[in-house]
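Q: I'd like to go over a predicted model; first the sequence, then the structure.
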Amino acid sequence: MIFEAIISLWDKKSDVFDLLLLRDELKNKKQLDEVGGAEYLVKVAESVPSSANVEHYLQIIKDKQMMRELISAAGEVLTEALDDSGNIAEKLDRAEQKIFLVTQKKVSGNAASMKELLTEAFEAIDKRQGHHITGLPTGFAELDDLTCGLQNGEMIIIAGRPSMGKTSFAMNIAEHIGADNNIPVAIFSLEMSRQQLAERMLCSRGMIDSQLVRKGLVNDNQYQELVHAASELSEKPIYVDDTPGITPLELRGKARRLKSRFGIRSIFIDYLQLMSMGSSVESRQQEVSEISRYLKALARELEVPVVVLSQLNRAAEGREGHRPRMSDLRESGSIEQDADVIMLIHREDYYHRGEQDYEDTATAEVIIAKQRNGPTDTVELGFNGMYTRFANKARVKEPF
């Protein structure tokens with residue numbers, strides 16, 4: 001009753017708070033005698049610990065709250081574990097999620113009032129003030145100008161036909177986040193081994209032709225450049241997992257552990273069509289749709305941008321100008337709906353390789369075909385195939 005009276009006074013937005021006000025509040029509610037009278041209030045006030053130690057007491061309360069949440073989560077996990085029915089992989093995933101939410105101090109599935117939501121919204125608005133890039137920077141100025149960076153909780157699709165450079169583009173962004181900005185990043189490589197990926201990133205950063213490395217034709221100067229690039233990358237928070245055919249459940253578990261252990265703030269997946277659900281489904285399109293939904297849920301759960309590479313079908317090959325469209329997404333299913341941003345990579349030079357009368361432009365177009373919270377447009381970048389690097393260039397002022 002005393003605590004409820006204190007809360008009542010607080011809700012009245014009283015500028016002054018003391019024992020007299022508390023006594024009067026209890027008296028008005030006819031509860032003063034019930035709590036032990038004014039003498040008991042004085043006794044309670046005298047026994048209150050010093051406010052100088054408030055941070056310590058606050059931490060004790062937080063620890064006890066987390067302990068209660070952990071006990072509750074453990075009880076739910078035990079109940080589900082004792083139930084023989086259901087898929088074991090899904091049970092493990094749910095168990096891990098419950099513990100992860102406790103460690104991240106989050107409450108799953110609770111509704112919030114509009115007052116709470118608006119408070120959070122204004123906190124986010126105030127935090128963004130004066131910052132042009134509110135997400136993680138990609139390293140490409142015009143792209144960041146359009147998207148404000150990679151945003152937390154969003155699924156970003158980077159799609160293209162084979163040899164368009166989508167892996168190189170994604171790795172350039174991951175390198176910029178992890179190596180240039182020292183922000184922890186996780187890469188799940190289903191297409192290349194981690195050794196191949198590390199070698200490609202090394203050549204790209206050292207500006208060395210990867211073919212020379214593969215053929216063992218690197219000279220002394222080039223070797224020193226590789227050593228220098230390695231010294232830069234070796235201490236950077238970039239984590240690579242090359243588990244082949246990984247399922248969304250396995251990936252989500254690994255991502256949670258990377259988040260807890262290293263604090264990763266972005267995830268890159270190369271590429272979506274190489275993933276499988278690990279169980280029978282009616283069709284491949286349905287399977288890809290389920291994978292897409294899992295990855296979108298992962299972005300929201302971990303509150304990090306999840307960048308997913310995807311293949312395009314052959315429709316663009318027979319189209320004039322060869323420019324891809326969002327409808328070209330292979331086995332698209334719900335990818336178009338789930339994705340917050342869809343970037344399509346196009347290099348016209350690829351379709352004219354070997355033509356004597358064609359002058360190579362060394363450019364690539366990044367077509368922003370979808371952006372849930374921003375405009376669609378096309379960004380033109382420089383492309384150096386020898387070093388598998390994209391670079392800033394003037395923007396193409398043509399909306400998609």
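A: Noted; the coordinates are in hand.
Q: H56 and K62, how far apart?
A: Distance from H56 to K62, counting by Cβ to Cβ, to the nearest Å: 11 Å. No exception for glycine: its C-beta is placed from N, CA and C like everyone else's.
Q: And V42, by the same measure?
A: Where K62 is concerned, V42 sits at a distance of 30 Å (Cβ to Cβ).
Q: Now M164: which helix or strand?
A: Following DSSP states H and E, one finds M164 outside all helices and strands.
Q: Grab the nearest non-local neighbour of it.
A: Once flanking residues are discounted, M164 sits nearest to I345: 4.4 Å by Cβ to Cβ, 6 or more residues apart in numbering.
Q: Assign that neighbour to helix, strand or coil.
A: strand (DSSP: H, G, I helix; E, B strand; the rest coil).
Q: cool, and S231?
A: Judged by three-state DSSP, the three-state class of S231 is helix.
Q: What of G374?
A: Going by three-state DSSP: G374 is coil.
Q: How many neighbouring residues does it have?
A: For G374, the count of nearby residues is 14 (other Cβ atoms under 10 Å).
Q: Repeat that for V44.
A: So V44, with other Cβ under 10 Å, has 14 neighbours.
Q: picking that back up, per-residue confidence at the residue nearest to M164?
A: With respect to pLDDT, I345 scores 94.
Q: ok, how many other residues are close to it?
A: 25.
Q: List the contacts of it.
A: Counting by Cβ atoms under 8 Å, 6 or more residues apart in numbering, I345 makes contact with 158-160, 164-166, 169, 324, 364-367.
Q: JSON lines for those residues, including pLDDT and neighbour count?
A: Formatted as JSON lines, the contacts of I345 follow (pLDDT from 0 to 100; neighbours: other Cβ atoms under 10 Å):
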{"residue": "I158", "pLDDT": "96", "neighbour count": "25"}
{"residue": "A159", "pLDDT": "94", "neighbour count": "27"}
{"residue": "G160", "pLDDT": "91", "neighbour count": "27"}
{"residue": "M164", "pLDDT": "89", "neighbour count": "23"}
{"residue": "G165", "pLDDT": "90", "neighbour count": "23"}
{"residue": "K166", "pLDDT": "92", "neighbour count": "23"}
{"residue": "F169", "pLDDT": "95", "neighbour count": "26"}
{"residue": "P324", "pLDDT": "90", "neighbour count": "23"}
{"residue": "A364", "pLDDT": "92", "neighbour count": "26"}
{"residue": "E365", "pLDDT": "93", "neighbour count": "19"}
{"residue": "V366", "pLDDT": "95", "neighbour count": "25"}
{"residue": "I367", "pLDDT": "95", "neighbour count": "23"}
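Q: Nearest to E287 among the residues you listed?
A: The shortest approach to E287 among the contacts of I345 belongs to A159, at 17.7 Å (Cβ to Cβ).
Q: That closest one looks like it's in a strand, true?
A: Yes: if the criterion is three-state DSSP, then A159 is within a strand.
Q: how close does it sit to V341?
A: Counting by Cβ to Cβ, the gap from A159 to V341 is 11 Å.
Q: Likewise for G382?
A: 22 Å.
Q: Show me which of those two is the more surrounded one.
A: V341 (23 against 14).
Q: ok, back up a step: list just the nearest of the contacts of I345 to S47.
A: Set against S47, the nearest of those by Cβ to Cβ is I158 (61.8 Å).
Q: what sits against the closest one?
A: By Cβ under 8 Å, 6+ apart, the residues touching I158 are 166, 169-170, 307-310, 343, 345.
Q: Over to A369?
A: 325-326, 342-344, 376, 400.
Q: Quick one: mean pLDDT for stretch 382-396?
A: Mean predicted lDDT for stretch 382-396 stands at 79.
Q: To clarify, my last question referred to stretch 236-251.
A: For stretch 236-251, the mean pLDDT works out to 90.
Q: ends of that stretch, how far apart?
A: This stretch, stretch 236-251, spans 22 Å end to end (Cα to Cα, to the nearest Å).
Q: Show me the strands in this protein, by range?
A: Applying DSSP state E to the chain gives strands spanning 155-160, 185-189, 238-241, 267-270, 306-311, 341-346, 363-371, 377-384, 389-391.
Q: From the contact counts, what lies against the fourth one?
A: In other words, strand 267-270. Other elements packing on strand 267-270 under the criterion 3 or more Cβ pairs under 8 Å, 6 or more residues apart in numbering; DSSP states H and E are helix 166-175, strand 185-189, helix 284-302, strand 306-311.
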